[in-house]
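Engineer: Let me see the structure of the following:
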Amino acid sequence: MSLDLRIPMGLMFSLIGMILSAFGLATRDNQALYARSLGIDANLWWGLVLLVFGLTMLLLGQLGQRRIEKERRLPPAKGDARRGH
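Structural biologist: Okay, the predicted model is just below:
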């Protein structure tokens, strides 16, 4: 089984980013909650950062997975020691 590790990692970070962003959007007007962070909605901003990172990992993982599948379909090249021929 050849699964690119970036796919589950991207799913995890995207999910956490969506949850954190949703919480940040839901509590945007609560000034008391963000008083310690100088009024900056840290939940929203870090949620967006995690979401972008997760989506980037998903994209890179999908590209890597396509490359793996493409290499499996190609016949082994002559003299290619990695394929066992």
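Engineer: how about the helices in the protein?
Structural biologist: Taking DSSP state H as the test, the helices found in the chain are 6-26, 42-73.
Engineer: want to throw those into a markdown table with mean neighbour count, mean pLDDT and distance to L33?
Structural biologist: Placement of C-beta: from N, CA and C, glycine included. Converted to a markdown table, these look like this (neighbours: other C-beta atoms under 10 Å; pLDDT from 0 to 100; distance: least, C-beta to C-beta, whole Å):
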| stretch | mean neighbour count | mean pLDDT | distance to L33 |
| --- | --- | --- | --- |
| helix 6-26 | 16 | 95 | 10 |
| helix 42-73 | 15 | 91 | 9 |
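Engineer: JSON lines for those helices, including distance to A32?
Structural biologist: As requested, the helices of the chain are arranged in JSON lines below (distance: least, C-beta to C-beta, whole Å):
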{"stretch": "helix 6-26", "distance to A32": "15"}
{"stretch": "helix 42-73", "distance to A32": "14"}
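Engineer: Between the ones you listed, which one is closest to Y34.
Structural biologist: Between Y34 and these, the shortest separation by C-beta to C-beta is 7.1 Å, and it involves helix 42-73.
Engineer: for the closest one, packing partners?
Structural biologist: Using 3 or more C-beta pairs under 8 Å, 6 or more residues apart in numbering; DSSP states H and E as the contact criterion, the elements in contact with helix 42-73 are helix 6-26.
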